[in-house]
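A.B. asks: Turn this into a model:
(3 chains)
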Amino acid sequence: MDIITKTLDFQTRGNTDIIDITDDVQKALKETNLKEGIITVFVPGATGAITTIEYESGLIEDLTSAVERIAPRDIEYKHNLKWGDGNGHSHVRASLVGPSVTIPFSNAKLMLGTWQQIVFIDFDVRPRARKIILQVVGDNQNFFKE
Amino acid sequence: MDIITKTLDFQTRGNTDIIDITDDVQKALKETNLKEGIITVFVPGATGAITTIEYESGLIEDLTSAVERIAPRDIEYKHNLKWGDGNGHSHVRASLVGPSVTIPFSNAKLMLGTWQQIVFIDFDVRPRARKIILQVVGDNQNFFKE
Amino acid sequence: MDIITKTLDFQTRGNTDIIDITDDVQKALKETNLKEGIITVFVPGATGAITTIEYESGLIEDLTSAVERIAPRDIEYKHNLKWGDGNGHSHVRASLVGPSVTIPFSNAKLMLGTWQQIVFIDFDVRPRARKIILQVVGDNQNFFKE
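C.D. replies: Residues are numbered from 1 along each chain as shown, chains lettered A, B, ... in the order given. As a prediction, the model looks like this:
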């Protein structure tokens, strides 16, 4: 059993920028040589979030509309009154969606559904350089696999 | 330390079918003979989700009403316009609730609250055969346990 | 590779009491002597939730307003009609936010963003004594670290 840390770097556009990171996560997983285990995809930042979705342009718009209903950009946020960042809605959206997803893998392959992609969402209001942490816990053989 | 993969198969009714999978998860955990660790419950599919709830008929209705408020079935979804699946709301709900929960266990028992059950929610619009993945990371003894 | 269980005890005020537990989690992690790994922060109870946020009073109010929009306290809940607990909204909010977050650590330090704190939210309607479970999976050296 090993633990291996990998990081991914992204340049985002902000404003609920929904980025498909599946191929990057899969590639990083391959580089660890671990075969069976779990990978925790985590965003170290309070205005980003991780989830899964079928990544196609229609749903990207639909998910964007949904978070706008839940935490509209143009209502009053105490955070904005206090700090003037203008990103109160970004923080609230990120806390509700959550900062991480843990995904099982087998034979060095993410066990995702056929139409299921991992997305990093940058809810902040401006383009940003972002780092995603991948913490991989696993075995480099599959002796113990059922 | 071992990693053991188990799967659960369900036939769902779709349409926000909320299924109590606690006993199935606990039974699968017992079969691994692992005593201390974490179990990641993951749905490989973009219209399903995992969370916990007190499983009683009142709350099942209440949670169903809440997701209907967040992502109503009858508003316009770009996904539906593009693909004609009629399940845009299913995808959005699944992305917001999330595809996995990781639960600690001790002495081969899930460390849930007394009134807390694990549920798989099928948000899709038709009955489906579904697979849930359980990735168990743990020890088969509890020497290292505090 | 070890697995070590720690617990944290809190006295809450209830009613969407959002508590910064970052320092407690970090302290418990230090006590395990594990250096690299993941920590699953889990609330064993159906009216509590775990997420991350920038912990400042403005955002605490903003997140509270957001869950009030999603699951208002004063609408009808079947749970309340059936059980008279008056905490239907607490349950629904907890299921939507989710009972756990898994966070990577390195060099015995949580890999959080600078302005990102871990919060336990007690959505229940009365003060309660609460237990949080920390399940730590990790190595006490960093030989395998990239």
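
A.B. asks: who's in contact with the nearest residue to A:K30 once chain neighbours are set aside?
C.D. replies: Closest residue to A:K30 apart from its sequence neighbours, by Cβ to Cβ, 6 or more residues apart in numbering or on different chains: A:A108 at 5.8 Å. For glycine as for every other residue, the C-beta is placed from the backbone atoms N, C-alpha and C. By Cβ atoms under 8 Å, 6 or more residues apart in numbering or on different chains, the residues touching A:A108 are A:29-30, A:33-35.

A.B. asks: Swap in 7 Å and give it another go.
C.D. replies: A:29-30, A:34-35 (Cβ atoms under 7 Å, 6 or more residues apart in numbering or on different chains).

A.B. asks: closest to C:A46 among those residues?
C.D. replies: The shortest approach to C:A46 among the contacts of A:A108 belongs to A:L29, at 33.6 Å (Cβ to Cβ).

A.B. asks: which of the residues in the one helix or strand the closest one maps to are buried?
C.D. replies: In this assignment (DSSP states H and E), A:L29 forms part of helix A:22-32. Residues of helix A:22-32 classed as buried: A:22, A:24-26, A:28-29, A:32 (neighbour count, 16 or more other Cβ atoms under 10 Å in any protein chain shown).

A.B. asks: now the strand or helix carrying A:V67, how far from the centre of its chain.
C.D. replies: Following DSSP H and E, one finds A:V67 within helix A:57-70. Here helix A:57-70 is found 16 Å from its chain centre; the criterion is Cα atoms, centre = their mean, to the nearest Å.

A.B. asks: Likewise for stretch A:17-29?
C.D. replies: With Cα atoms, centre = their mean, you get 9 Å for stretch A:17-29.

A.B. asks: Can you tell me what sits against it?
C.D. replies: Contacts for stretch A:17-29 (Cβ under 7 Å, 6+ apart): A:6, A:8, A:10, A:12, A:39, A:41, A:55, A:60, A:63, A:105, A:108, A:110, A:117-122, A:132, A:134, A:136.

A.B. asks: Just the CA trace of it, in CSV.
C.D. replies: Taking Å, rounded to 0.1, in the frame of the first residue of the first chain, the C-alpha atoms of stretch A:17-29 are listed here in CSV:
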residue,chain,number,x,y,z
ASP,A,17,-15.8,28.0,-15.2
ILE,A,18,-16.6,24.2,-15.4
ILE,A,19,-13.5,22.3,-16.5
ASP,A,20,-13.3,18.6,-17.5
ILE,A,21,-10.2,17.3,-15.6
THR,A,22,-10.9,13.5,-16.2
ASP,A,23,-8.1,12.9,-18.6
ASP,A,24,-5.6,14.8,-16.4
VAL,A,25,-6.6,12.8,-13.4
GLN,A,26,-6.4,9.5,-15.3
LYS,A,27,-3.0,10.4,-16.6
ALA,A,28,-1.7,11.3,-13.1
LEU,A,29,-3.1,8.0,-11.8
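
A.B. asks: wait, what's in contact with the most centrally placed residue in chain A?
C.D. replies: In chain A, the C-alpha closest to the average C-alpha coordinate belongs to A:I50, at a distance of 2.5 Å (Cα atoms, centre = their mean). Residues near A:I50 by Cβ under 7 Å, 6+ apart: A:41, A:43, A:99-101, A:118, A:120.

A.B. asks: Same list, the residues you listed, but as CSV with distance to C:G88 and pLDDT please.
C.D. replies: Shown next, in CSV, are the contacts of A:I50 (distance: Cβ to Cβ, whole Å; pLDDT from 0 to 100):
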residue, distance to C:G88, pLDDT
A:V41, 33, 98
A:V43, 32, 98
A:P99, 27, 98
A:S100, 28, 98
A:V101, 28, 98
A:I118, 33, 98
A:F120, 34, 98
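
A.B. asks: Kindly indicate which of these lies nearest chain C.
C.D. replies: A:P99 (4.8 Å; Cβ to the nearest Cβ).

A.B. asks: Name all residues that make contact with the closest one.
C.D. replies: A:P99 neighbours (Cβ under 7 Å, 6+ apart): A:42-43, A:49-50, C:52, C:101.
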